[in-house]
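Engineer: Quick one, structure for this:
(chains A and B)
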Amino acid sequence: MLDIKFIRENPELIREAARKKHSKFEVDDLLLLEERRLDLLAEVEKMRAEQNIASENIAKATDPVLRQQTIDEMKVLKERLTKKDEELKKTMEEWRALMLLVPNVPDVSVPDGESDKDNQSVKTWGEKPNFSFTPKDHIEIMEKLGMVDFERGAKVHGFRGYFLTGDGARLSFAIWNYAMNFFSAKKFTPVIPPVIVRKANLYGTGHLPGDVEDYYMTQDGDALAGTAEIPVMGLHADEIFDEGQLPRRYLGFSPCFRREAGSHGKDIKGLIRVHEFFKLEQVILCEANHETSVRFHDEINRNTEEFIESLGIPYRTVINCGADLGQGQVKKYDIELWVPKENTYREISSASYFHDFQTRRFNIRYRDGAGKLHYTHSLNSTAIPTPRVLVSLVENYQDADGSVRIPDILQPYMGGKKQIA
RNA sequence: GGAGAGGUGGCUGAGCGGCUGAAAGCGGCGGAUUGCUAAUCCGCUAUACAACCUAAAAAUUGUAUCGAGGGUUCGAAUCCCUCCCUCUCCGCCA
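Structural biologist: Numbering: from 1, shown residues only, chains lettered A, B, ... in the order given. Here you go, the predicted structure:
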């Protein structure tokens, strides 16, 4: 959600945003509706003012004849008012629906592009492993080591189902525990949020109205969150912070549910694209200031880079092009890990900032030093997703005999074990 | 699942058809007093939108807002209906 005043004053920015994001949104439709809305609003408010004055006169009237006469007049006015009011309400409904579709304005540094293929690499890190043998893919490695069971996963859950077993499960816990310590040291407050959420939270983050197809719904009309971003952003909905209470850094840990509608046939094997997984997610609320948002954006993205570096997995960071930005995102970095068998990088993280796009919808505000209210800014980034990260981890750390070395930093979390064999 | 209570401003909490944007208290801001602190006293203190005026704002005016939506009425925080939410007790349950 953007400020309507901002839209009114900068329609060309919205037009450009829609173009860059390849959104079909037409500002001019909204502006037309806005004009009608303001006209109707003025008319209705004028009639209400008239009504309020008369109302007072009725209350104070000493002459019963005059009193009755005013009441009769107001009956007539009321009819006109009701009609106009209905017109206004109808317009407001259309107006709100359109307002939910307005794309946030991408940063100037966001490159143009048609799809994720046009994302631009801004950083590469690490030495890609040089194998003296033919490397295996994560499926083969993990199945041989009893770390995963896809067949039974499909039996129990169906398409894209999986069990993490034995050291596959242990390694997941090791990563979670390590991440918990790593991010706690960076002043993040760990949060285990509800994952069954009211739809309002999905509107808040900007996942709705756009991505209805991507969510599992309960029979009560709630949704299963696809990321902890959703409930953690809802955490402070309708609240007002004091400036001194910002920034808030949260590390959400939750299962994530994704229907992956529209991705049939994509990444059908293995742990890359699954319907449910776990993820640690960084969420930040900060003061409403572009520079502050940019600073935190770099911070949360860098956090994940550092985490990956400590695991010793080669990665690259890309800046997402316009077409690969969500409706609310101003700018986004993806971190992609090296997958040797596929000879490519695979996304494991997205760091984005939104300015006040989300907090406007969630109504999350703060009072500045002068006592003025502002919407906070919000940002979020993947801290680490499991099991997707296991794909790169086991493939990069595999040995000729089919065993997998455990990265030094994780060994204490695996009971001192140095390898999985 | 059964029974009951309730949702009012930054917070606590009164009000139960017109004089209530809303008492009182707390908190906050400004001022007085004070050797410092503490205490006391006085005043101010919601938000959104629109109009007007601006470079922008402030001020001013209007409208709305007492969980949400609808209804009754000339007029609703107050009466009626629907929904949502919270709490308490009982039951069930990891």
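
Engineer: Quick check: buried residues in stretch A:25-37?
Structural biologist: By neighbour count on 16 or more other C-beta atoms under 10 Å, the buried set for stretch A:25-37 is A:25, A:27, A:30-31, A:33-34, A:37. Just so you know, the C-beta spots here come from the backbone N, C-alpha and C atoms, and that holds for glycine as well.

Engineer: Name the helix or strand for residue A:252, please.
Structural biologist: Assigned by DSSP states H and E, residue A:252 falls within strand A:248-257.

Engineer: Could I get the average pLDDT for that strand?
Structural biologist: For strand A:248-257, the mean pLDDT works out to 95.

Engineer: So residue A:33 versus residue A:318, what's the distance?
Structural biologist: 37 Å (C-beta to C-beta, to the nearest Å).

Engineer: Next: residue A:212.
Structural biologist: 28 Å.

Engineer: Looking at these two, which has the bigger crowd around it?
Structural biologist: Legend: neighbour count by other C-beta atoms under 10 Å for residue A:212 and residue A:318, higher for residue A:318 (22 against 14).

Engineer: Now do the same contact list for residue A:98.
Structural biologist: A:29-30, A:33 (C-beta atoms under 8 Å, 6 or more residues apart in numbering).

Engineer: So chain A: which segments form each domain?
Structural biologist: As assigned by automatic domain parsing, chain A contains the domains A:4-99, A:116-420.

Engineer: before we move on, back to that, list the buried residues for the strand holding residue A:252?
Structural biologist: A:248-254, A:256-257.

Engineer: wait, which of these is closest to residue A:21?
Structural biologist: residue A:256 (24.0 Å; C-beta to C-beta).

Engineer: okay, now residue A:46: neighbour count?
Structural biologist: When counting by other C-beta under 10 Å, one arrives at 12 neighbours for residue A:46.

Engineer: what's downstream of the lengthiest helix in chain A, the next helix or strand?
Structural biologist: If you go by DSSP state H, chain A has its longest helix at helix A:64-99. Proceeding N to C from helix A:64-99, the next assigned helix or strand is strand A:120-125, under DSSP H and E.

Engineer: Please state the offset of the helix or strand following that next one from the chain centre?
Structural biologist: Downstream of strand A:120-125, the first helix or strand assigned by DSSP H and E is helix A:138-144. Centroid separation between helix A:138-144 and its chain, computed with C-alpha atoms, centre = their mean, to the nearest Å, is 32 Å.

Engineer: Just the C-alphas of helix A:138-144, formatted as CSV.
Structural biologist: The C-alpha trace of helix A:138-144 is given here as CSV (Å, rounded to 0.1, in the frame of the first residue of the first chain):
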residue,chain,number,x,y,z
HIS,A,138,22.4,-34.6,-3.3
ILE,A,139,19.7,-37.2,-3.9
GLU,A,140,22.2,-40.0,-4.4
ILE,A,141,24.5,-38.9,-1.7
MET,A,142,21.8,-38.4,0.9
GLU,A,143,19.9,-41.6,0.1
LYS,A,144,23.1,-43.7,0.3
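
Engineer: Can you tell me which helices and strands it packs against?
Structural biologist: Counting contacts by 3 or more C-beta pairs under 8 Å, 6 or more residues apart in numbering; DSSP states H and E, helix A:138-144 packs against strand A:148-149, helix A:388-396.

Engineer: For it, list every residue counted as buried.
Structural biologist: Result for helix A:138-144 [16+ other C-beta under 10 Å]: buried residues A:138-143.

Engineer: which stretches of the stretch 151-300 of chain A form helices?
Structural biologist: For the stretch 151-300 of chain A, the helices defined by DSSP state H, counting those that start in this stretch occupy A:167-184, A:199-205, A:229-234, A:290-311.

Engineer: circling back to that earlier point, tell me which of the buried residues of helix A:138-144 is nearest to RNA strand B?
Structural biologist: Using C-beta to the nearest atom of the strand, residue A:142 is the member of these that lies nearest RNA strand B, at 29.6 Å.

Engineer: wait, isn't that closest one in contact with residue A:168?
Structural biologist: Yes: with contact defined as C-beta atoms under 8 Å, residue A:142 counts as touching residue A:168 (5.9 Å).
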